[in-house]
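[1] quick one, what's the 3D model for this:
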Amino acid sequence: MTESPFAEMARRFLTIIPHCQELNISLVSASPEGVEFIMPFQAGLEANPGSGIIHSGAITTLLDTVSGMSALTGLPEVEPCPTLDLRLDHLALPEPGRAIHAFAEAYRVTRSVVFTRGYAFNTDHTQPFVHAVGTFMRVSSKTSGGQ
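    Predicted coordinates:
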């Protein structure tokens, strides 16, 4: 089975970002409808040693990364899209000692900004423990009028 162009792009995206490699973030799926990444539990990422709860900074990084990748799936071609804003609503704690999945989608694309929404969950995507909304700036000279 041939991998989708979005999945190939997401895999490359993860291999060029050092913190994604450090956090062992990997691709679950990628399509125009959205992107899902997974970050395994690692004791070195615990908020409090022995708690089994992954630090919110690592979760924020995961959601920023998956949201940024989802921004790219909404564009006609790849272009730089740095994060303008990312808001996280922490609804609950993640399950101790479990991997974290993150899903995001681009729901609106304008000439200068891509708007995303997503969430993080452990095993059941209908039970997220974090919701996220993000905005990503389009910096291509073709879209934003830049040089």
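[2] dihedrals phi and psi, the residue nearest to the spatial centre of the chain?
    The centre of the chain sits closest to residue 66, judged by CA atoms, centre = their mean, with a distance of 1.3 Å. For residue 66, the backbone dihedrals (degrees, to the nearest 10) come out as phi -70, psi -30.
[3] model confidence for it, exactly?
    As predicted, residue 66 sits at a pLDDT of 97.
[4] do I have it right that it meets residue 105?
    No - look at residue 66 against residue 105 with CB atoms under 8 Å: they stay out of range, at 9.7 Å. Where you see a C-beta, it was placed from the backbone N, CA and C, and this is true even at glycine.
[5] C-terminal to whatever helix or strand residue 59 lives in, what's the next element?
    In this assignment (DSSP states H and E), residue 59 forms part of helix 56-73. For helix 56-73, the following helix or strand on the C-terminal side (DSSP H and E) is strand 83-90.
[6] strand partners of that next one, parallel vs antiparallel please.
    strand 130-137 (antiparallel) (DSSP bridges).
[7] rounded mean pLDDT for the partner strand, please.
    Rounded mean pLDDT across strand 130-137 is 97.
[8] same question for stretch 36-44.
    Averaged across stretch 36-44, the pLDDT comes to 96.
[9] what is the end-to-end distance of that stretch?
    23 Å (CA to CA, to the nearest Å).
[10] identify all contacting residues around that stretch.
    10, 14, 23-30, 49, 52, 54, 58, 62, 65-66, 69, 97-103 (CB atoms under 8 Å, 6 or more residues apart in numbering).
[11] give the PyMOL command for selecting the buried subset of the residues you listed.
    Typed into PyMOL, the line below selects the buried ones among the contacts of stretch 36-44, using 16 or more other CB atoms under 10 Å:
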select buried, resi 10+14+23+25+27+30+52+54+58+62+65+66+69+99+100+101+102+103
